[in-house]
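>>> Structure of the sequence below:
(2 chains)
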Amino acid sequence: MPTLVSDRKKSAARAGRPLPELIFGDLWEFDPAPETADPKLKARYNLFIDGQFVAPKSGKHFDSINPANEQKLAEIALGGPGDVDAAYQAAHKAFASWSQLPGRDRAKYLFRIARLLQDRAREFAVAETLDGGKPIKESRDFDVPMAAAHFFYHAGWADKTEYVAPGRRVAPLGVVGQVIPWNFPLLMLAWKLAPALAMGNCVVIKPAETTSITALKLAEILQDAGLPPGVVNIVTGAGETGAAVMAHPLAAKIAFTGSTEVGKIIMRSLAGSDKKMTMELGGKAANIIFEDAPIDQAVEGIINGIFFNQGHVCCAGSRLLIHEPVAEKVIGKLRHRLRVLRVGDPMDKNTDVGAINSKDQLEKIEELVAAGVKEGAELYQAPCRLPPKGFYFRPTLLTGVTMSHRVAREEIFGPVLSILTFRTVEEAVEKANNTPYGLSAGVWTDKGSRILKLSTELKAGVVWANTYNKFDPASPFGGYKESGFGREGGRQGLLDYAKIV
Amino acid sequence: MSTRLPITKTPKVYIGGAFIRSESGRTYPIADAAGTFYANIPQCTRKDLRNAVEAAAKAGPGWAKRTAYNRGQILYRLGEMVEARRLEMAGAIAAGGSSAAAAAKEVAAAIDRLIYYAGWADKYEQVLGSVNPVASPHFNFTVTEPMGIVGVLAPAEAPLLGLLSLLIPAITSGNTVVALASESRPYPAILLGEMLATSDLPGGVVNLLTGLRKELLPTFATHTHLRALSAVAGADERRQLALGAAESVKRTHFLKAEEKYDWFADTAQSLYAIRDFLEFKTTWHPIGA
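I've put the predicted structure just below:
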């Protein structure tokens, strides 16, 4: 029998208080609901250069593990400067004909890639979840379909580039060097490749070292699509490989998605090179909830805003600003919601919060949360059981956070929500903007004019009003201030891959 | 009849809507084309630059909130002010070494450039912004916003047209500017300040410094309240500016000083010069009851 928190049900109702909630505890176990599709992994992945899979010049490979159970999934080639150079030479050679190809033909290649990815969607979703630790329902319903959508959207632009910069003509830049992060491995690949190729550029791209598998699986699709060799080259490896990709003299443009810290290092290293750059960096988004907000809907949005993809999201709503009159109510509902989040095996179709991407990242999260508690924040964690192996972190609320706390200023990049309160609209705006970041923000209110006021005053590239963490290839994404520059998606994003002539 | 001894003007820089000397009291002399002493120009310091940034920061929110129509009218008014004093401005440019014809041509082009951007003020948003057809029940739109304070480093030549070509597109969208005039030919910028002051442009929206480039460049590079840089710069300068810009992820737009740039070309004025100093903001809202 489920037990009632309180047996004074009638008196509670009489007093106008909400009815006591049902707590099921561990009374009924969820049956496992594992996704079983075959990810069709190879034992070893080589570099993808000039249309072929080639062994790295070093002969070295490194292991890619499943963060959910720490088991080895595959070996990934360790690319070095020589491999990066070979990739650039191939891209440079391919650019001559690729950039001259009629736009409608470039479009057809991109359409093919989108379709081939849709054909193999489940296989890719499983590979993504095994390699990165995100819940299968997210890779299945978000990452993979959205990646396909990006190719499909940008395909249609390839023969319409004269509409990208009205009044002026545009031309491709040449070879673009790209480095992408581990939080959305396939989706970030699509965000980078699709606009670059649509505008007639060739690409050398490096996936994150912990999540290279879906990039190399996509290389199989590029082969199947008949994409001319050298148009896309994928070089795997760690930071040094990335630095070689960024520094190569043949790169006309550099596009980077990752932390602000590394973004600044790249900007410094490219100073004086006259290379074009776009940077999609970190964030510390404020999610602002007013007393007139639809509270239950807002709570769902707040939960999605911070626990989507274990909080490994640059635009995560990691600072919750609650209007004081509803602070207690909202926090109470959040705690309740946290208790029913299902944390664990990413391959289980019921899992809400999966594995932290790597041991390194888990340690960073632990360190920052400990600092938050030490600075005076109150900790609340979901009382869930975590799998014995793998990297997991309990969904966490930190209340009583102030603006000076590290957990309010630094990007945690994990399932940790820092909660602050405010009294006036002005205070909310001031607190929201009081950060070097400016990637995204959320506003929850029933008042239309307040939404428009806040969306005007919040210094962020994306503002979600009464929703959060929504993405679309037609919707430009990118930051203000130290969250980077340039946009990805939409007509605005395309111009970052072209020059005006 | 004896010739009248003219009153010479003390050049002052226009910062925060006021005409000031450098806080340091320093000046440097400039000569006319014949090599005769022409004037002592304020040799502004890093402190002057920081003060100018503060003035620009104060003026910024109000300027950005003006209606686009109003900003356009004010830019047009500035065109009227320069037009009315075009002979004086041409004289100042000619004194710096241009032929009389070249000076007149530069002033005419500068006025036309002002009028060009005045017209863009209430139009660029419709060309650059968008409503985005997302595949979910949301109303999704992208608008532009000014970046904030833009640091401008003017080219040595085309002392008026070069400066205005960098400065005007930035303020058209509601940015404010702290600019360093041509070091060797600063006088037209001094005069421009007087025209700005009578143009209805709020004080602090444009702040014009004169002085030595190599003294001020490091602060332009690193001042974190400058959110973008628009500069005609040599290779070493570009490197130095980009290094400083990295510290606060500052946006940079450079023209190469070593390449001859035609300020009179059709392509020297462009919607995309406005776009270079805009942020794009995308707002999502559910469509439903």
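>>> partner residues bridging residue A:421?
In this structure, residue A:421 has the following beta-bridge partners (DSSP bridges): residue A:322.
>>> Output the below-cut-off pLDDT ranges for the chain.
No chain specified, so I'll use chain A. Residue ranges of chain A with pLDDT under 70: A:1-16, A:18-19, A:21-26.
>>> Correction: the question concerned chain B.
Within chain B, the segments meeting pLDDT under 70 span B:1, B:289.
>>> ok, the residue nearest the centre of it to chain A distance?
Of all residues in chain B, the one closest to the mean position by CA atoms, centre = their mean is residue B:167, 2.3 Å from it. The spacing between residue B:167 and chain A, counted by CB to the nearest CB, to the nearest Å, is 20 Å. Every C-beta, even on glycine, is put in place using the N, C-alpha and C of the backbone.
>>> I'd like the next helix or strand past the helix or strand where that residue lies.
Under the criterion DSSP states H and E, the helix or strand holding residue B:167 is helix B:161-172. Helices and strands here follow DSSP H and E; after helix B:161-172, the next one along the chain is strand B:176-180.
>>> so what's residue A:133 up against?
Counting by CB atoms under 8 Å, 6 or more residues apart in numbering or on different chains, residue A:133 touches A:66, A:67, A:68, A:310, A:346, A:354, A:355, A:356, A:357, A:390, A:391.
>>> With residue B:62 as the reference, measure out to it.
With the distance defined as CB to CB, to the nearest Å, residue A:133 ends up 49 Å from residue B:62.
>>> now do residue A:406
Taken as CB to CB, the spacing of residue A:406 relative to residue B:62 amounts to 35 Å.
>>> Looking at the two now, which is surrounded by more residues?
Neighbour count, other CB atoms under 10 Å in any protein chain shown: between residue A:406 and residue B:62, residue A:406 has more, with 17 against 13.
>>> How much space separates that one from residue A:314?
18 Å.
>>> same check, this time on residue B:280
17 Å.
>>> Could you do residue B:150 as well?
Using CB to CB, which is the criterion applied here, residue B:150 is 26 Å from residue A:314.
>>> Who are the contact partners of residue 241?
Since no chain was named, I'll use chain A. Counting by CB under 8 Å, 6+ apart, residue A:241 touches A:78, A:79, A:80, A:83, A:84, A:206, A:235.
>>> nope, chain B please
Residue B:241 makes contact with B:153, B:217, B:220, B:221, B:229, B:231, B:233, B:252, B:254 under the criterion CB under 8 Å, 6+ apart.
>>> Kindly reformat the residues you listed as TSV containing secondary structure.
Shown next, in TSV, are the contacts of residue B:241 (DSSP: H, G, I helix; E, B strand; the rest coil):
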residue	secondary structure
B:153	strand
B:217	helix
B:220	helix
B:221	helix
B:229	strand
B:231	strand
B:233	strand
B:252	strand
B:254	strand
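>>> out of these, who's nearest chain A?
Taking CB to the nearest CB as the measure, chain A sits nearest to residue B:254 out of those, at 7.4 Å.
>>> Tell me who's in contact with the closest residue to residue A:89 other than its chain neighbours.
Nearest-residue entry for residue A:89: residue A:250, 7.5 Å, with adjacent residues in sequence omitted and distances by CB to CB, 6 or more residues apart in numbering or on different chains. Residue A:250 is in contact with A:88, A:89, A:91, A:92, A:174, A:175, counting by CB under 8 Å, 6+ apart.
>>> buried subset of those residues?
Among the contacts of residue A:250, those classed as buried by neighbour count (16 or more other CB atoms under 10 Å in any protein chain shown) are A:88, A:89, A:91, A:92, A:174, A:175.
>>> still on that earlier bit, if you rank the contacts of residue B:241 by neighbours, which is first?
The most neighbours of any of the contacts of residue B:241, using other CB under 10 Å, belong to residue B:220, which has 28 neighbours.
>>> all strands for the stretch 401-501 of chain A, in order.
Counting by DSSP state E, counting those that start in this stretch, the stretch 401-501 of chain A has these strands, from start to end: A:416-422, A:440-444, A:462-465, A:484-485, A:498-500.
>>> Then the stretch 51-200 of chain B?
With strands called from DSSP E, counting those that start in this stretch, the stretch 51-200 of chain B shows them at B:130-131, B:138-146, B:149-153, B:176-180.
>>> that older thread, among the contacts of residue B:241, which are within reach of chain A?
Filtering these for proximity to chain A by CB under 8 Å from any CB of the partner chain leaves residue B:254.
>>> For residue B:203, state which of the contacts of residue B:241 is nearest.
residue B:220 (21.1 Å; CB to CB).
>>> Provide a list of residues in contact with the closest one.
By CB under 8 Å, 6+ apart, the contact set of residue B:220 is B:49, B:151, B:153, B:180, B:226, B:229, B:231, B:241, B:244.
>>> re earlier: just the closest of the contacts of residue A:133 to residue A:192, please.
Within the contacts of residue A:133, proximity to residue A:192 (CB to CB) peaks at residue A:357, which comes in at 18.9 Å.
>>> right, and that closest one touches residue A:310 too?
Yes - using CB atoms under 8 Å, residue A:357 makes contact with residue A:310 at a distance of 7.5 Å.
>>> Those two: which has the busier surroundings?
For the pair residue A:357 and residue A:310, the greater number of neighbours falls to residue A:310 (34 against 26), based on other CB under 10 Å.
>>> so that one makes contact with residue A:354?
Yes - with contact taken as CB under 8 Å, residue A:310 and residue A:354 are classed as touching, separated by 6.0 Å.
>>> Between these two, which contacts overlap?
With contacts defined as CB under 8 Å, 6+ apart, the residues adjacent to both residue A:310 and residue A:354 are A:133, A:134.
>>> Tally up the residues packed near residue 54, please.
No chain in the question, so chain A it is. Each residue near residue A:54 was counted by other CB under 10 Å, and the total is 16.
>>> oops, I was thinking of chain B
Other residues within reach of residue B:54, judged by other CB under 10 Å, total 17.
>>> again, but for residue B:19
A total of 15 residues lie near residue B:19 under the criterion other CB under 10 Å.
>>> Which residue is the nearest non-sequential neighbour of it?
Taking CB to CB, 6+ apart as the measure, residue B:19 lies nearest to residue B:12, with 3.9 Å between them; neighbours along the chain are not counted.
>>> any idea how far that neighbour lies from residue B:41?
To residue B:41, residue B:12 is 10 Å away according to CB to CB.
>>> Show me which of the two is the more surrounded one.
Summary of the neighbour comparison: residue B:12 and residue B:41, criterion other CB under 10 Å, with residue B:41 having more neighbours (24 against 17).
>>> mind checking how far the more buried one is from chain A?
Where chain A is concerned, residue B:41 sits at a distance of 30 Å (CB to the nearest CB).
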